[in-house]
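Q: sequence first, predicted coordinates after that:
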Amino acid sequence: MTNFPVEKIRADFPILAELIRNKPLVYLDNAASCQKPQAVIDSIVHLYSHDYANVHRGVHTLSVRSTDKFEGARTKVKDFINAASDKEIIFVRGATEAINLVAQTYGKANLKVGDEILITAMEHHSNIVPWQMLCQQTGAVLKVAPINLQGELIYDEFEKLISDKTKLVSVVHMSNALGTINPVEKIIAASHAKDIPVLLDGAQSIPHMAVDVQALDCDFYVFSGHKLYGPSGIGVLYGKQALLEAMPPYQGGGDMIRKVTFEETEYNVLPYKFEAGTPNIADVVGLGAAIDYLNAIGMDKIAAYEAELLDYATEKARQIKGLRIIGEAEHKGAILSFVLDKIHPHDIGTMLDSLGIAIRAGHHCAMPVMDFFQVPATARASFAMYNTKEEIDVLMKGIESLIEVFG
Amino acid sequence: MFEDLRDLYQEVIFDHNRNPRNFRVMENADRQVEGFNPLCGDRLTLYLKMDGDKIVDASFQGSGCAISTASVSLMTEIVKGKTEQEAEDLFKKFHEMTTGKDEQINLEAVGKLAVLAGVREYPARVKCATLAWHTLDAALKNEQKSISTE
C-alpha cells in the first residue's frame, strides 16, 4: 500500500534501529509481544518524572494529576473498544488474568455440577486452563468445538455443542497459533439465542482490527496491553455493566471497598470493585499513550496494510518447496505459522536469529493445536504495522538458505 | 550466509541429524525412559541393554531439533561399553562443557561430544543438547518414568 506511512511509523520505534548479530533487526514475533513507540516510552518516563503519586488517595496535587492520567487512560480504552461506560473497563495484568477473573467470579458464582463451558480447539492455554480449574472446583464440564485442517472452527459442530447445560461460551477472536479469525458475530448470536454469555479472547485481535464491543454484543472481551504496542503487565477486562455488577469481587484489599469494619465490608462501585490494591499506574498511562498513537494512524488502515503484508508473505511462502503453512483459514490475521520438511522449528529459529530475524519457534502455548496438526511445534512469523515487504523478502531468503544448509 | 553459526551447527551435527545412529526401538531393553522438553516439544525414548553395571547397547526413538537429535545419537554411540560410573562421569563433563565456567571445560575429556560445545553461546539451546543426558541419567538410576527438562 503506497499511502500507508510505514517508514514514518518505523522511525517512531527506537528498537527497530537495533542491530542483532550485526544485522538489522527484522522483528516478526509480534504475536508474542509488540515493540513500543517512543510515545509510549515517553509517557511512562514523563509520569514518573512529573506527575506520579498514588491514585484515588490523596488530596495533594500529584495524586490528583496521577489520578487524572490513570482515569483518562481508562476513558481512552473505553472509547477504543466502544464500551458504553468507563465502569465496564477493569484494569488487570493481562488477558490471562482477565480470563481467570471471570472464571473465579462469574464462573464460581454461576456454574454448578454438570453445567458446561464451551471453547474451541484453537484456544491458547490461557483460555483452557482457567476453565479446567473452574471445572475442578465446581464439577462443571469443559466442551471443545473442533477445527478443520485449514485451522477453521467447524461452526456447525460448535452450534451442536450449545445446549441447555451450556452456561458460558469462551472463544478466541483471532488464534495466536494459526491466525484464524473466528466468526464471532455468529457465535455470539447463537449463544445469546439461548441466553448464554460470551467471552472473547481478544489478545491477538486487538492490535489488528477495529473492535466495537457494543456492535459485537460480546459480554466479556479481554486483551493485553503489550500486544497493543503498550507496556507489559497491563491488560483489560471489558464486561457488560449488569454482569459486572452482579459478580462477586475477585481480590480483596484497598481501593475495592467502600466501608470496612471487622464485622463486614461494603464493596466499592465499578470498576474499582475489581481493582484491589494500588494498580499498575504507569503502565495504564502507557497503554493510554499506545491507544492515542494507534488512533492517529487508524485501525482500519492498519488492518488493510497488514492484510497486504500477510497476502504477500503467504504467496512467497507457498513458493518454497518443503514449506507447509499451518493455518490456512479463509478469514485470517497477520500470522504465518509454518513447518519445514525435516527441519525442526527450533533450528529454524536459531538460524534466522543469526540473520537478525526474530520469529517464534515452539508450541505457542497451544499444545492441543500442535497435536491436532501432528507437529511438535511450528515456526511462526507474525506481522505488525511496522513490518515491510522488504523484511518479508529477508525472511523468505533466510528460509531458502537454511533449507539449503540442512540439505 | 550462516557463518556465525558454524560453531553451533558443525558438519558432524548435520550428519547425525540426517542419519541418526542407533535410531531404533530395542526389544527386551533392560531400561527404557522417556525424555521430554516441554518448551520445544522434543521427545525421545532411550533404551539401554545392561550387562551387570555395563551398558552393552543403547538406542533411541523420538523427534527433536538437530542439536537434540545429534546429541542423543552421539551419546548412544559413546556410552556403549561404558560402566554406569563411567557414563555418569561423562555426563558430568558434558554438563560442565555446556553450562559450566570456562575453566571447567575439558574438550579432550569428552571426545567427539566436543562438537556440541557451541551450545554454550546459545542459552536457549543448552537444553536441546542436555535432554539426552538427563534421560540417560534417569535410566541409569533406574527411574522407570518420564523426565522433563523443566
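A: Sure, I can see it. Worth saying up front: this structure is predicted, and the values here are computed from it rather than measured.

Q: what about the residue in the stretch 1-150 of chain A that chain B sits nearest to, neighbour count?
A: Going by C-beta to the nearest C-beta, chain B is nearest to residue A:21 of the stretch 1-150 of chain A, at 5.9 Å. For the C-beta atoms, the positions are set from N, CA and C on the backbone; glycine is no exception. Residue A:21 sits with 12 neighbouring residues when counted by other C-beta atoms under 10 Å in any protein chain shown.

Q: avg pLDDT for stretch A:28-44?
A: Stretch A:28-44 shows a mean pLDDT of 98.

Q: show me which residues of chain A sit near chain B.
A: Neighbours of chain B within chain A, by C-beta under 8 Å from any C-beta of the partner chain: A:21, A:343-347, A:350-351, A:354-355, A:361-363, A:370, A:376-377, A:398, A:401-402, A:405-407.

Q: among those residues, which are in strands?
A: Per DSSP state E, strands hold the following members of those: A:361-362.

Q: filter the residues of chain A next to chain B down to just the buried residues.
A: The neighbour count (16 or more other C-beta atoms under 10 Å in any protein chain shown) marks A:343-347, A:350-351, A:354-355, A:361-363, A:370, A:376-377, A:398, A:402, A:406 as buried among these.

Q: in helices only, show me those residues.
A: A:345-347, A:350-351, A:370, A:398, A:402, A:406 (DSSP state H).

Q: a markdown table please, covering these and showing distance to residue A:136.
A: Below are these laid out as a markdown table (distance: C-beta to C-beta, whole Å):
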| residue | distance to residue A:136 |
| --- | --- |
| A:345 | 32 |
| A:346 | 33 |
| A:347 | 38 |
| A:350 | 39 |
| A:351 | 42 |
| A:370 | 24 |
| A:398 | 45 |
| A:402 | 44 |
| A:406 | 44 |
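
Q: returning to that earlier point: any idea how far residue A:350 is from the residue of the stretch 1-150 of chain A closest to chain B?
A: Noted for residue A:21: a distance of 11 Å to residue A:350, by C-beta to C-beta, to the nearest Å.

Q: could you list the low-pLDDT ranges of chain B?
A: Across chain B, the ranges flagged by pLDDT under 70 are B:143-146, B:149-150.

Q: chain A contacts on that one?
A: B:1-2, B:4-5, B:8-9, B:14, B:17-18, B:39-43, B:63-67, B:122, B:124-125, B:128.

Q: which residue in the ones in helices among the buried ones among the residues of chain A next to chain B has the weakest pLDDT?
A: Out of these, that is residue A:406, at 88.

Q: residues touching it, list them.
A: Residue A:406 is in contact with A:342-343, A:347, B:14, B:17, B:66, counting by C-beta atoms under 8 Å, 6 or more residues apart in numbering or on different chains.

Q: next: residue A:144.
A: Counting by C-beta under 8 Å, 6+ apart, residue A:144 has contacts A:118-121, A:368.

Q: please tabulate those residues in TSV and include secondary structure as additional columns.
A: Compiled in TSV, the contacts of residue A:144 are given as follows (DSSP: H, G, I helix; E, B strand; the rest coil):
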residue	secondary structure
A:118	strand
A:119	strand
A:120	strand
A:121	coil
A:368	helix
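
Q: where does chain A dip in pLDDT?
A: By pLDDT under 70, the weakly predicted segments of chain A are A:1-2.

Q: what's the domain layout of it?
A: Domain ranges of chain A: A:6-30+A:298-402, A:41-296, per automatic domain parsing.

Q: just the strands in chain B please.
A: Counting by DSSP E, the strands of chain B are B:31-37, B:42-51, B:54-63, B:147-148.

Q: give me the packing partners of the last one, helices and strands only.
A: Put plainly, it is strand B:147-148. strand B:31-37, helix B:126-140 (3 or more C-beta pairs under 8 Å, 6 or more residues apart in numbering or on different chains; DSSP states H and E).

Q: tell me which of those sits most buried.
A: Across those, averaging neighbours per residue (mean count of other C-beta atoms under 10 Å in any protein chain shown) puts helix B:126-140 on top, at a mean of 24.

Q: could I get the full set of strands for the stretch 151-300 of chain A?
A: If DSSP state E, counting those that start in this stretch is used as the criterion, the strands of the stretch 151-300 of chain A fall at A:166-172, A:198-201, A:220-224, A:235-239, A:257-260, A:265-267.

Q: any idea how far the fifth one is from the chain center?
A: Its chain's C-alpha centre lies 33 Å from the corresponding centre of strand A:257-260 when counted by C-alpha atoms, centre = their mean, to the nearest Å.
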